[in-house]
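Asks: sequence below, structure please.
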Amino acid sequence: MPGKCTLTLKKRKGFIRMAMKHGADLVPVYSFGENEMYTQINNPPGSFIRKFQTKVQRFTGFATPLFHGRGVFQYTFGIVPYRKPIHTIVGTPIPVEKNENPTEEEVVALQKKYIAELTVLFDKYKGLYNMEDHELDIQ
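Replies: Numbering: from 1, shown residues only. Down below sits the predicted model:
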């Protein structure tokens, strides 16, 4: 969706549990420019394409995007990504204490901290990569 960078993180707690189990620090990382690698086919809410994607997502657990890039020998249409830069920003590590059996509350608390740090990272650097009008939508 234009002006919005959507990340699915709130349902994803496995990496948090693994970090706690092994005492590995969590490092927030965001790559600016990934959304520009392909052009997604327009699928406004209520359209046939969006309804189809929603049904597939309920069944498989992930959305099936309809997209295109450039061709191998021509640049108008194909499945090869466009030649656009990707800038990866690495944040400050979040210290994680080793905990072999974390409670759900401990996992959720660390996940909230990770999401907060990732949001700060995005907001701090989005102006450098011409995304000052974008917002980070974490679902």
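Asks: going by C-alpha atoms from here, please, whenever you check contacts or count neighbours.
Replies: Fine.
Asks: in what helix or strand does the residue of the chain positioned farthest from its centre lie?
Replies: Relative to the mean C-alpha coordinate of the chain, counting by C-alpha atoms, centre = their mean, the farthest residue is residue 73 (30.4 Å). Here residue 73 sits in a region with no helix or strand, counting by DSSP states H and E.
Asks: quick one, phi/psi of it?
Replies: Backbone torsions for residue 73, taken as degrees, to the nearest 10, come to phi -110, psi -10.
Asks: let me know the pLDDT of it.
Replies: According to the prediction, residue 73 has pLDDT 83.
Asks: same question for the one 3 residues further on.
Replies: As predicted, residue 76 sits at a pLDDT of 80.
Asks: equivalent analysis for the one 3 residues further on, please.
Replies: On the pLDDT scale, residue 79 is placed at 86.
Asks: could you do the one 3 residues further on as well?
Replies: The per-residue pLDDT reported for residue 82 equals 88.
Asks: gap between stretch 22-29 and the chain center?
Replies: 17 Å (C-alpha atoms, centre = their mean, to the nearest Å).
Asks: how long is that stretch end to end?
Replies: 20 Å (C-alpha to C-alpha, to the nearest Å).
Asks: buried stuff in it?
Replies: By 16 or more other C-alpha atoms under 10 Å, the buried positions in stretch 22-29 come out as 24-26, 28-29.
Asks: can you pull out the residues in contact with it?
Replies: 16, 18-19, 88-100, 114, 117-118, 121 (C-alpha atoms under 8 Å, 6 or more residues apart in numbering).
Asks: out of those, which end up buried?
Replies: 16, 19, 91, 96, 114, 117-118, 121.
Asks: distance to residue 5 added to the residues you listed, as a markdown table?
Replies: Output for these, formatted as a markdown table (distance: C-alpha to C-alpha, whole Å):
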| residue | distance to residue 5 |
| --- | --- |
| 16 | 22 |
| 19 | 25 |
| 91 | 18 |
| 96 | 27 |
| 114 | 17 |
| 117 | 16 |
| 118 | 12 |
| 121 | 13 |
